[in-house]
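Undergrad: pasting the sequence and the predicted coordinates here, then a few questions.
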Amino acid sequence: MIAVSGASSELYLTTDTIPVSGTVTATSCVSSVIVNGLFATVVGDGAFVSFEASLSFSAAGSDTVTVVVEATDCDGSSSVVSYLVRRDDAAPTISVTGLTPAPAVHPVLDTPHRVSGTVTDDNIAGFSVAGMSVGLMPTADPRVWSFDVDVALVRAVDTHLMLQAWDLGGNRVSSEIILRLDAEVDLAIVSPASGDELPAPGATGSVDVVVDAPGLAGSDTLTASVDGDTPVTLGRSGSRGSGSVTSVPAGSHVLLVEARASDGHLIASASASFDLVDESTIPLQITRQAPDNNAEGVEANQFITLFFNKPVDSARMEVQVRETLHGRTYEPPVDGADLRTMSVVALSDVSRDREPVPGHAMNLPGNTMVAFYPSRDYGYDAEVFVDVVYDGATIGHTRFHVRPLPTLIQGFVADHDLNPLANVQVTIPALGRSTTSNSDGNYDFGWGESAAQTIPAGSYRAVINPGMQDPRYGTLERDIHVRAGVVNSVGVARVPQLDPDEPFHPIIGGAARVVLARGDLTLDLSGASLSFADGTPSGGVRAQLMEGRRIGYGSRPSTPAEWGFALQPAGIRVSGQVGVNVRLPAFEGSYDYLASVPEYGVLLGLDPSSLQLVPVGVARIDRVAHTLSSQGPVQLQRLDYVAFARVSADRQDLLTAYVAGDETLLELIARLEGP
C-alpha cells in the first residue's frame with residue numbers, strides 16, 4: 001500500500017518545485033520506490049518505509065504535471081498511485097462595479113446598498129465580504145465570476161467593506177471599499193423586511209409598507225414602489241410612514257422607498273426584497289409554538305400559543321391537549337386560585353395516560369395566532385401532548401414536559417413565649433434567598449417561583465432576624481434540610497425577645513472583668529479573644545436570663561438547659577479560655593431551692609456546627625454566696641448562650657474529675673451520655 005502525503009486527485013502549488021513524499025507498506029519488504037521514472041530516496045527497510053522525491057514544473061515544461069509513484073516489493077509485486085499537480089501562482093483579481101478601492105469614500109443615498117462586481121481566476125475557491133461568505137455566479141467567461149451583495153449602512157458613518165478572494169493554490173487578494181450613507185434622514189423599512197414571505201388572497205395582493213424616517217421635515221414626502229412601477233405616496237404620522245401598494249402579482253419583488261424634499265430632490269432611499277405568495281397555494285402550517293416542541297421545565301399553568309403561516313378559521317380547527325403522568329403532584333387549586341400563589345398545598349397520587357386537559361382555544365387578533373387556555377393546571381413532571389387538527393387532518397403534533405415538583409419550604413417565627421412574630425426577616429445565605437414572616441408568623445420559600453428558581457435539595461443554614469434588623473428581638477440560626485419536590489416544614493424558630501431596659505455593654509477580648517445583665521453575669525476574658533460577625537474584636541453586647549424552655553436552641557438529652565443567658569448580637573466567636581461567674585436568682589423570694597441542687601453542674605454553650613447547646617465546662621454553686629462560678633477550663637466557641645444544666649448527685653464525680661484535670665471535655669461529654 002502506498003500513501004502519498006497531501007495527495008488527492010488534484011493538488012495546486014504556487015512554487016516551481018513539486019515535493020513528493022509518503023510511505024509504503026508491503027507484506028514482505030519494500031524493494032524500490034520510483035517517482036516519474038526516478039528512484040526516490042527511501043528511509044527505513046523491511047515491510048514499512050518512507051520516501052521522498054522532488055519534481056518541478058520547469059523540468060516538465062508544463063504547469064500541469066501527473067505524478068506517478070510506483071513501489072515494488074521483494075517478491076516483485078508492484079503498486080502504482082498517480083495524481084495531478086497544477087501550478088497556480090497568480091492571485092485572483094476583484095473588480096467592483098462603479099466603486100474604487102480605499103481610501104476613496106463613496107457617498108450613497110440608499111440602504112441597504114447593493115455592491116456588485118466580478119472575481120477573475122482560473123481556480124477560484126471562495127469569496128467573502130466583511131468576513132461573510134458570498135456566493136459567486138458563473139459568467140460566459142469560465143475565468144470570470146460575478147457577485148451581488150446588499151450592505152446595510154448607517155447615516156453619516158463610514159462603512160469599511162473588506163472584500164477577499166482566494167483560489168485553490170492558496171493565493172489570496174483583498175480590496176477595501178468605503179461607503180458612506182449621505183442621506184439627509186435615517187430611512188428604514190420596518191415592513192416588509194428583506195426575506196419576508198407575504199400571503200396574498202389570490203394571484204395578486206396588497207403589500208402594506210411601514211417605514212421609519214426620523215428627521216424628515218414636514219414638507220418632505222415618502223413614496224413606495226414595487227419593481228420600479230408607479231410610486232405610491234405614503235401617509236405620515238411624525239417620523240413613521242405607512243401605506244399600501246396594490247395589485248402586486250404573486251412572485252419575488254423588490255420594494256423601493258424614497259424620501260424626497262419639497263423641491264423633489266432625493267434625500268434618502270431604502271430597499272427590501274420579498275416574496276408575495278398566493279395563500280390558497282400555501283398549505284396551512286404551524287410556524288411556531290409556545291411552549292416549544294420538546295420544551296422542558298414548563299410551568300404548570302402555562303397556556304399554549306400556536307402561530308400559523310396564514311389566517312385560520314377557528315370553526316374548522318380543534319386543539320387537542322392530553323397529559324400523561326404517573327406519580328405525585330400537588331392537588332389542584334380550588335376556587336380558581338393559582339397554585340403558585342398558595343401557601344398551603346398537599347401532594348396526591350395521580351395516574352393519567354394521555355388524559356384530555358380541559359380548556360378552550362381562541363383566535364387572537366389577525367387570526368394567525370390561536371391560544372389554548374387550560375381549565376386546570378397540568379400535573380408537575382407531566383408529559384403534555386398537543387395535536388392540532390384542521391379540516392379533519394392533523395397539521396401539528398408536539399409535546400412538552402412540565403417542570404418537576406417545586407421544592408417548598410415552610411417555617412414559623414415566634415418569640416421565646418411562642419407568640420407569632422410578623423415582618424421578621426428570614427434569609428438562606430447560601431441560596432441568596434430572603435423573605436419575611438406574615439401576620440401569623442409563617443414564612444415560606446418556593447411559592448410563586450419559576451422552574452428556573454427551583455430550590456435545590458440539600459442542607460442549608462437559615463438566619464432569622466439577621467443583624468437584629470428588628471431590634472426588639474435577637475438573631476437565631478437554624479439548619480434546614482431540604483428534600484426535592486415536597487413541602488419541607490422546618491418547624492418553629494424561637495428568637496429571644498430582648499429586654500428594652502437592658503443596655504448594650506462594650507466588650508473586648510482580654511478584658512479581665514465584663515459585667516452583663518445588670519451584674520447577674522460576669523465574664524473573665526483575660527485569656528480569650530473575640531471576633532464579631534463583622535470581623536471586629538470588640539463591640540456592644542447585651543445579655544438576659546432565660547428559662548431553658550424559652551431558649552431557641554436544643555440541647556443534649558443528658559444535659560438539658562435549665563436556664564441560660566442569651567447574648568446578642570449573635571455569632572460572636574471565641575478563642576481561648578473564658579471564666580464565668582453568675583449571681584443566682586431567688587425563686588419566689590427565697591434561695592431555699594439551692595439546697596436540692598448538687599454542688600457541680602455543667603456549663604453549656606452553642607456549638608456552631610450542630611446548633612445545639614453542648615457542655616463547654618463545669619460550674620460550682622456557692623449556696624452561701626448564691627453564686628455559680630466556672631471551675632476548670634471553659635471551652636466556648638460562640639457567645640450566643642451561656643447556659644446551665646443540672647447533673648444528678650450520683651454523677652458529681654464525673655464533674656470533679658474534669659475540674660481536677662483528670663478528664664478532657666470530650667471524655668466528660670461521652671461519660672455523661674453513657675449509662
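TA: It's in.
Undergrad: nearest residue to Ala643 in space, ignoring adjacent ones along the chain?
TA: Once flanking residues are discounted, Ala643 sits nearest to Gly564: 2.7 Å by CB to CB, 6 or more residues apart in numbering. (C-beta placed from N, C-alpha, C; glycine too.)
Undergrad: now the one you found: how far from His505?
TA: 18 Å (CB to CB, to the nearest Å).
Undergrad: what about the residue positioned nearest the centre of the chain, distance to Ser526?
TA: In the chain, the centroid-proximal residue (CA atoms, centre = their mean) is Ala452; its distance is 8.7 Å. From Ala452 across to Ser526, the span is 54 Å (CB to CB).
Undergrad: again, but for Val257
TA: Relative to Ser526, Val257 is positioned 88 Å away (CB to CB).
Undergrad: same check on Arg549?
TA: Per CB to CB, Arg549 is found 34 Å from Ser526.
Undergrad: any low-confidence regions in the stretch 201-350 of the chain?
TA: Low-confidence segments of the stretch 201-350 of the chain (pLDDT under 70): 331-345.
Undergrad: ok, which stretches of it are strands?
TA: Under the criterion DSSP state E, counting those that start in this stretch, strands of the stretch 201-350 of the chain are mapped to 204-212, 221-226, 232-233, 235-237, 240-249, 251-260, 266-278, 286-290, 295-298, 304-308, 317-330, 347-356.
Undergrad: what's the answer for the stretch 51-200 of the chain, then?
TA: Applying DSSP E, counting those that start in this stretch to the stretch 51-200 of the chain gives strands spanning 64-73, 78-87, 93-96, 105-108, 110-111, 113-120, 124-129, 132-133, 137-138, 144-151, 158-167, 172-181, 188-191, 196-200.
Undergrad: who does the third one pair up with?
TA: Sheet pairing here is set by DSSP bridges, and for strand 93-96 it gives strand 113-120 (antiparallel).
Undergrad: what's in contact with the partner strand?
TA: When contacts are defined by CB atoms under 8 Å, 6 or more residues apart in numbering, strand 113-120 is touched by residues 92-97, 99, 127, 129, 136, 139, 143-151, 153, 161, 163, 165, 177, 179, 181.
Undergrad: now the buried members of those residues.
TA: Among the contacts of strand 113-120, the ones that count as buried by 16 or more other CB atoms under 10 Å are 92, 94, 96, 99, 127, 129, 144-145, 147, 149, 151, 153, 161, 163, 165, 177, 179, 181.
Undergrad: and the end-to-end length of stretch 379-392?
TA: Stretch 379-392 has its terminal residues 29 Å apart, counting by CA to CA, to the nearest Å.
Undergrad: any stretches of the stretch 1-150 of the chain with poor pLDDT?
TA: Looking at the stretch 1-150 of the chain by pLDDT under 70, you get 1-8.
Undergrad: buried set for stretch 552-567?
TA: By 16+ other CB under 10 Å, the buried positions in stretch 552-567 come out as 552-553, 555-556, 559-567.
Undergrad: quick one: mean pLDDT for it?
TA: For stretch 552-567, mean pLDDT rounds to 93.
Undergrad: again, but for stretch 458-476
TA: Stretch 458-476 shows a mean pLDDT of 93.
Undergrad: buried ones in that stretch?
TA: Using 16+ other CB under 10 Å as the test for burial, stretch 458-476 gives Tyr460, Ala462, Val463, Ile464, Asn465, Pro466, Met468, Asp470, Tyr473, Gly474, Thr475, Leu476.
Undergrad: dump the residue contacts of the first one.
TA: Right, Tyr460. Neighbouring residues of Tyr460 by CB under 8 Å, 6+ apart: Ile428, Ala430, Leu431, Asp479, Ile480, Val482.
Undergrad: buried subset of the residues you listed?
TA: Buried members of these, scored by 16+ other CB under 10 Å, are Ile428, Leu431, Ile480, Val482.
Undergrad: going by distance to Val634, which of the residues you listed wins?
TA: Ile480 (30.2 Å; CB to CB).
Undergrad: I'd say the closest one and Gly458 touch.
TA: No - applying CB atoms under 8 Å, one finds Ile480 not in contact with Gly458, separated by 9.5 Å.
Undergrad: if we ignore the residues flanking it in sequence, what's nearest Asp524?
TA: Using CB to CB, 6+ apart and skipping residues adjacent in sequence, the residue nearest Asp524 is Gly579, 3.0 Å away.
Undergrad: what is the neighbour count of the one you found?
TA: For Gly579, the count of nearby residues is 20 (other CB atoms under 10 Å).
Undergrad: let me know the helix or strand that it is in.
TA: Element membership of Gly579 [criterion: DSSP states H and E] is strand 573-583.
Undergrad: tell me the buried residues in that strand?
TA: In strand 573-583, counting by 16+ other CB under 10 Å, buried: Val574, Gly576, Gln577, Val578, Gly579, Val580, Asn581, Val582.
Undergrad: elements contacting it?
TA: On a contact count with 3 or more CB pairs under 8 Å, 6 or more residues apart in numbering; DSSP states H and E, strand 573-583 meets strand 521-531, strand 612-622, strand 627-631.
Undergrad: now whichever helix or strand comes after it and strand 573-583, what's the angle there?
TA: Downstream of strand 573-583, the first helix or strand assigned by DSSP H and E is strand 600-607. The directions of strand 600-607 and strand 573-583 differ by 150 degrees, with axes from the mean of the first three to the mean of the last three CA atoms, to 10 degrees as the criterion.
Undergrad: residues contacting strand 600-607, please?
TA: Under the criterion CB under 8 Å, 6+ apart, residues 553, 555, 559, 561, 564, 580, 612-621, 628, 630-631, 634-647, 652, 655-656, 659, 672 lie in contact with strand 600-607.
Undergrad: what about 7 Å?
TA: Defining contact as CB atoms under 7 Å, 6 or more residues apart in numbering, one finds that strand 600-607 is touched by 553, 555, 559, 561, 564, 580, 613-621, 630, 634, 636-638, 640-647, 652, 655-656.
Undergrad: okay, domains of this structure per the record?
TA: 2-87, 93-181, 188-281, 286-402, 408-495, 505-673 (automatic domain parsing).
Undergrad: show me what Ser434 is bridged to.
TA: Counting by DSSP bridges, Ser434 forms beta bridges with Thr427.
Undergrad: for His401, that is, sorry about that
TA: Beta-bridge pairing of His401 under DSSP bridges involves Glu383.
Undergrad: okay, now it: neighbour count?
TA: Neighbour count for His401, taken as other CB under 10 Å: 16.
Undergrad: again, but for Pro585
TA: For Pro585, the neighbour count with other CB under 10 Å is 11.
Undergrad: quick one: which of the strands of the stretch 201-350 of the chain is nearest Glu667?
TA: strand 347-356 (46.8 Å).
Undergrad: beta partners for the closest residue to Asp196 other than its chain neighbours?
TA: Excluding the flanking residues, the one nearest Asp196 by CB to CB, 6+ apart is Phe274, at 4.6 Å. Counting by DSSP bridges, Phe274 is bridged to Asp196, His253.
Undergrad: mind listing what Phe274 touches?
TA: For Phe274, the contacting residues are Pro192, Asp196, Leu198, His253, Leu255, by CB under 7 Å, 6+ apart.
Undergrad: now it: how far from Leu198?
TA: Counting by CB to CB, the gap from Phe274 to Leu198 is 6 Å.
Undergrad: who touches both of these two?
TA: Shared contacts of Phe274 and Leu198, counting by CB under 7 Å, 6+ apart, come down to Pro192.
Undergrad: now the closest residue to Thr246 other than its chain neighbours: how far from Ser247?
TA: Nearest residue to Thr246, sequence neighbours excluded (CB to CB, 6+ apart): Ser206, at 4.8 Å. In this view, Ser206 and Ser247 are 8 Å apart by CB to CB.
Undergrad: which one of those two is surrounded by more residues?
TA: Per other CB under 10 Å, whichever of Ser206 and Ser247 has more neighbours is Ser206, with 15 against 10.
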